[in-house]
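**Q** Just a sequence and a predicted model for now, questions to come.
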Amino acid sequence: MAGTKYAYVKSFELPDTLLPGTFIVARVDGHSFHRFTEVHNFAKPNDERGLRLMDHAARDVMDEWKDIVLCFGESDEYSFLFRRKTELYNRRQAKILTSLVSKFTASYIFHWSEYFPETPLNYPPTFDARLILYPSVQEVRDYFSWRQADTHINNLYNTAFWALVEQGGQTTKKAHESLRGTNSSQKNETLFSRFGINYSKLSERFRKGSILVRAISSEKDASNSATIVPALESEGNSETSPQRKMDKLAALKSAIETLHVDIIRDEFWTDRPTLLVD
């Protein structure tokens, strides 16, 4: 209680306010997920059920905090971008970090049975997280370009590796040796010539990762929202009250899309001119 002789211990709590005027990116990573996926018999090199569960957990996080404007996920990690001027929890680092990672983990566990109905959860998965601050739009774009490039590099390697193991009959040690020093073209050639796998035809979810963005932000012209209200007015008198129209517009603004597209080129960003603008 305040005012007791014990209250002095609070003075040991140090402030951890994040630098204002910067973009906050939170990245959540699975802890010891190699073991977790082995124990729970995940398909190799990609388990679509697991990826969709990650997307679901990320969407729950994005629904919880409206200041998150963009998410990117691959494998057992997800990155969350907050708008530059967010004042969430007064920009307290520990509060943001712990709230986000605990929400993500709780959602992952809570929805497990929806995606793995025949696989009991043998032990609770854990995730760690970190916060990174970026001063400008360019660094933010470069960050997400880095994560998507990493998605492609890892997935191409893993696709070739597991083809060598599961179809080529190699041991994991031999498969690693076979791929050591090879470039992307050589891995693609191995997949196509030996196993008939055209890497470019594989699911974009695997090759490009998952992007979560609020639907109205995906319009090429943010002013397109002006066309929504007339559309709502055509639904009938019972639906045309000002409050009803505002409610529907708010719902549209908060809707979240899951995309599997190129985030490195300019098109994704030019189609969403307000995404990185407060």
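**A** Cool, got the structure.
**Q** In this protein, where is pLDDT below threshold?
**A** Low-confidence segments of the chain (pLDDT under 70): 1-2, 216-254.
**Q** could you redo the last one with a cut-off of 90?
**A** Scanning the chain for pLDDT under 90 picks out 1-3, 215-255, 278.
**Q** so where do the helices sit in the stretch 1-150 of the chain?
**A** 33-39, 48-64, 93-110, 112-115, 137-166 (DSSP state H, counting those that start in this stretch).
**Q** Thr126 is nearest to which of those helices?
**A** Closest approach to Thr126 among the helices of the stretch 1-150 of the chain (Cβ to Cβ): helix 93-110, 6.7 Å. Quick note: C-beta positions are derived from backbone N, CA and C, even for glycine.
**Q** For the helices of the stretch 1-150 of the chain, give me JSON lines that also has distance to Val9 and mean neighbour count.
**A** Listed next are these as JSON lines, based on distance: least, Cβ to Cβ, whole Å; neighbours: other Cβ atoms under 10 Å:
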{"stretch": "helix 33-39", "distance to Val9": "37", "mean neighbour count": "14"}
{"stretch": "helix 48-64", "distance to Val9": "31", "mean neighbour count": "19"}
{"stretch": "helix 93-110", "distance to Val9": "17", "mean neighbour count": "17"}
{"stretch": "helix 112-115", "distance to Val9": "39", "mean neighbour count": "16"}
{"stretch": "helix 137-166", "distance to Val9": "38", "mean neighbour count": "17"}
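**Q** So for Val25, which of those helices sits nearest?
**A** Among these, the nearest to Val25 by Cβ to Cβ is helix 137-166 (6.1 Å).
**Q** who does that closest one touch, helix- and strand-wise?
**A** strand 23-31, strand 68-74, strand 77-82, strand 126-134, helix 172-179, helix 184-195, helix 204-208 (3 or more Cβ pairs under 8 Å, 6 or more residues apart in numbering; DSSP states H and E).
**Q** Out of the helices of the stretch 1-150 of the chain, which gets nearest to Glu13?
**A** Glu13 sits nearest to helix 93-110 of all those, at 9.7 Å, using Cβ to Cβ.
**Q** So which residues make contact with that closest one?
**A** 16-18, 24, 26, 28, 53-54, 56-58, 60-61, 64-65, 78, 80, 88-89, 121, 124-131 (Cβ atoms under 8 Å, 6 or more residues apart in numbering).
**Q** again, only this time at 6 Å
**A** 16, 18, 26, 28, 57, 60-61, 64, 89, 124, 127, 129, 131 (Cβ atoms under 6 Å, 6 or more residues apart in numbering).
**Q** report the angle between the axes of it and helix 48-64?
**A** Relative orientation of helix 93-110 and helix 48-64, computed by axes from the mean of the first three to the mean of the last three Cα atoms, to 10 degrees: 140 degrees.
**Q** how big is the angle separating helix 93-110 from strand 23-31?
**A** Angle of helix 93-110 versus strand 23-31, following the same axes, to 10 degrees, is 40 degrees.
**Q** All further residue positions should be reported with the first residue as 868.
**A** Okay, using 868 as the starting number, the last item reads as helix 960-977.
**Q** Only C-alpha atoms, please: export helix 960-977 in CSV.
**A** The C-alpha trace of helix 960-977 is given here as CSV (Å, rounded to 0.1, in the frame of the first residue of the first chain):
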residue,chain,number,x,y,z
GLN,A,960,8.4,-1.0,-23.3
ALA,A,961,7.8,-3.7,-20.8
LYS,A,962,4.0,-3.2,-20.8
ILE,A,963,3.8,-3.3,-24.6
LEU,A,964,6.1,-6.3,-25.0
THR,A,965,4.6,-8.5,-22.3
SER,A,966,1.0,-7.7,-23.2
LEU,A,967,1.6,-8.5,-26.9
VAL,A,968,3.6,-11.8,-26.4
SER,A,969,1.2,-13.1,-23.8
LYS,A,970,-1.8,-12.3,-26.0
PHE,A,971,-0.2,-14.1,-28.9
THR,A,972,0.7,-17.1,-26.9
ALA,A,973,-2.6,-17.4,-25.2
SER,A,974,-4.4,-17.2,-28.6
TYR,A,975,-2.1,-19.8,-30.1
ILE,A,976,-2.9,-22.3,-27.3
PHE,A,977,-6.6,-21.4,-27.1
